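Asker: Build me a structure from this.
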Amino acid sequence: MNDTPRIRTVLSCTLLGLTVTAGVSACAGSGDHPLSARPYDAADDLTTNAPEGGKADPEKPLEITAKNDDARIADVTATDESGHHLAGELTADGRKWRSTAALAAGARYTVRVSTEDEDGAPGARTFTFETAPAKRALTATFGPEAGKYGVGQPITAELSLPVKDKAARAVVERALKVRSVPAVQGSWYWVDDKKLHFRPKEYWPAGAAITVTGNLDGIKVGDKLYGGASKPLKLTIGDRIEAVADAGSHYMTVRRNGEVINTIPVTTGKPGFSTRNGIKVVLGKEYFVRMRSTTVGIAEGSSESYDLPVYYATRVTWSGEYVHAAPWSVGSQGVDNVSHGCVGMSTDNAAWFFKTVSPGDIVSVVNSYGDTMDTFGNGFGDWNLSWDKWRHGSALVTDGTNPTATEDAKARLRPSL
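Answerer: I've put the predicted structure just below:
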């Protein structure tokens, strides 16, 4: 701080009598009160650990001390360029102020200090300082890619560094903002130390506009770990498209915004290759896929082996489960389950389905003898967790722990076709 001279105004007044009538002051007026005087430059009264010309260590608190016995600190405000206030506490004697919240890394702060001298005259000092950039920066990459999706599409966040400590996870979660118009109730779920998924309590509203931001930049996450800048994401949601394949009745019902728009005869997985039950989310669409049984563990030349060109393939798991054209099984569609795990239908119906659905739309399978779709690791099985269990995957929920997300993380490969 510089040595700019200060000008102090010291006022006094003498009582003219023991009694003062209402509305009459013994002094010249309100402008003569010490606190109404123009503040003097309090540079000589204060010291701080903020370096001049250098960059402060964000790991250390900001400290401001009154160095003269005749001065005390009355108030301190410290804000960064984003307008975030730095919390702090002042000692009872007014001699020292110390920040209680972590400084942001790579930030510029403006600090305003108010003081009083022994006569009650006000002083003021304003200074700025910068903090050193983070040596390790935690960033988040959001998914899916910007665009239009179905009502079942989860939001994903892939962190650049693992975060294991629950308190640090809570800092990360608070900084990852998902805003929907119309608004929804939703929550993040920690799939593992580097990946989070966000979904609403119910499916996204049709026509919703979603914005995802990562406000981690400069924020202290953990021991010597600070956040970095993350690219925001914008999504829009289309109509509510839901397809339910009933492995018992061998029919698929497709609804748009609650109204049935098609009923399709299908075949699902035969015994030993039963299609997974549960709610799945469309991952993508491929007009042509060459499906080989060897890619899913069936030996070439065995009775179950296949190598076929497949058209109008709508993918619902990473391990190879599709809704696709199966002209070779038309006679069994609507009657029996003969596939290796996929939902098969005629070429015309598959073409219609391919044209109708989009990534993020819902495909459910019921009444199959197969296991339930994995929650994570083999596509998006997020909706197969109840809302209560989903909430407990958040670091911000204190009345429970994260369910065994890692048990679902490895997809069980199943033959498809």
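Asker: where are the low-confidence patches of the chain?
Answerer: Counting by pLDDT under 70, the chain contains low-confidence ranges at 1-37, 399-417.
Asker: do that again at 90, thanks
Answerer: 1-39, 42-43, 52-54, 68-70, 82, 118-120, 134-136, 223-224, 291-308, 398-417 (pLDDT under 90).
Asker: got a list of what the residue nearest the centre of it touches?
Answerer: In the chain, the residue lying closest to the centroid (Cα atoms, centre = their mean) is residue 176, at 2.9 Å. Residue 176 is in contact with 140, 157, 188, 196, 198, 212, 213, 214, 215, 216, counting by Cβ atoms under 8 Å, 6 or more residues apart in numbering. Any C-beta I mention is one placed from the backbone N, CA and C, and that applies to glycine too.
Asker: Next: residue 59.
Answerer: Going by Cβ under 8 Å, 6+ apart, residue 59 touches residue 224.
Asker: same check, this time on residue 342
Answerer: By Cβ under 8 Å, 6+ apart, the neighbours of residue 342 are 268, 269, 275, 320, 321, 322, 323, 324, 326, 416, 417.
Asker: Out of these, which sit inside strands?
Answerer: 322, 323, 324 (DSSP state E).
Asker: coming back round to it: could the contacts of residue 176 go into a markdown table alongside distance to residue 46, secondary structure and neighbour count?
Answerer: Output for the contacts of residue 176, formatted as a markdown table (distance: Cβ to Cβ, whole Å; DSSP: H, G, I helix; E, B strand; the rest coil; neighbours: other Cβ atoms under 10 Å):
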| residue | distance to residue 46 | secondary structure | neighbour count |
| --- | --- | --- | --- |
| 140 | 39 | strand | 25 |
| 157 | 43 | strand | 25 |
| 188 | 43 | strand | 23 |
| 196 | 44 | strand | 26 |
| 198 | 46 | strand | 22 |
| 212 | 43 | strand | 23 |
| 213 | 38 | strand | 17 |
| 214 | 37 | strand | 24 |
| 215 | 32 | coil | 17 |
| 216 | 33 | coil | 23 |
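Asker: Save the residues you listed as CSV, and put in distance to residue 147 too.
Answerer: As requested, those are exported to CSV (distance: Cβ to Cβ, whole Å):
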residue, distance to residue 147
140, 19
157, 17
188, 21
196, 20
198, 17
212, 13
213, 17
214, 19
215, 23
216, 24
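Asker: which residues in the stretch 201-350 of the chain form strands?
Answerer: Secondary structure of the stretch 201-350 of the chain (DSSP state E, counting those that start in this stretch): strands at 209-214, 220-222, 225-227, 233-237, 241-246, 251-256, 259-265, 278-281, 284-292, 307-315, 322-325, 343-345.
Asker: ok, now the stretch 1-150 of the chain?
Answerer: Using DSSP E, counting those that start in this stretch, strands in the stretch 1-150 of the chain cover 40-41, 46-48, 55-56, 63-66, 71-80, 88-90, 96-99, 108-117, 122-131, 137-138, 140-143, 147-149.
Asker: among these, which is nearest residue 170?
Answerer: strand 137-138 (13.7 Å; Cβ to Cβ).
Asker: just the contacts of residue 342 now: which is nearest residue 299?
Answerer: Of the contacts of residue 342, the one sitting nearest to residue 299 (Cβ to Cβ) turns out to be residue 417, at 15.0 Å.
Asker: sorry, back to before: show me which of the ones in strands among the contacts of residue 342 are buried.
Answerer: Buried members of those, counted by 16 or more other Cβ atoms under 10 Å: 322, 323, 324.
Asker: With adjacent residues omitted, what lies nearest to the last one?
Answerer: Excluding its sequence neighbours, the residue lying closest to residue 324 (Cβ to Cβ, 6 or more residues apart in numbering) is residue 313, at 4.1 Å.
Asker: what about that neighbour, distance to residue 238?
Answerer: From residue 313 across to residue 238, the span is 21 Å (Cβ to Cβ, to the nearest Å).
Asker: give the contact list for the nearest residue to residue 387 once chain neighbours are set aside.
Answerer: Nearest non-adjacent residue to residue 387, counting by Cβ to Cβ, 6+ apart: residue 201, 5.0 Å away. Counting by Cβ under 8 Å, 6+ apart, residue 201 touches 184, 185, 186, 187, 387.
Asker: and residue 97, how far is that from residue 128?
Answerer: For residue 97, the distance to residue 128 - Cβ to Cβ - is 16 Å.
Asker: scratch that, residue 153 is what I was asking about
Answerer: 44 Å.
Asker: Have a look at the two and say which one is more surrounded.
Answerer: The neighbour comparison of residue 153 against residue 128 (other Cβ atoms under 10 Å) goes to residue 153, with 28 against 11.
Asker: which of the strands of the stretch 1-150 of the chain is buried the deepest?
Answerer: strand 137-138 (a mean of 22; mean count of other Cβ atoms under 10 Å).
Asker: hmm, who's touching that one?
Answerer: 159, 160, 161, 163, 172, 216, 221, 225, 226, 227, 228.
Asker: Now do the contacts for the first one.
Answerer: Neighbouring residues of residue 159 by Cβ under 8 Å, 6+ apart: 138, 139, 140, 172, 193, 194, 195, 196.
Asker: Then the fifth one?
Answerer: Contacts here follow Cβ under 8 Å, 6+ apart; on that basis residue 172 touches 138, 140, 159, 163, 196, 216, 221, 227, 395.
Asker: I'd like the residues you listed as CSV, with distance to residue 62 appended.
Answerer: Shown next, in CSV, are the contacts of residue 172 (distance: Cβ to Cβ, whole Å):
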residue, distance to residue 62
138, 23
140, 28
159, 28
163, 26
196, 32
216, 21
221, 19
227, 19
395, 28
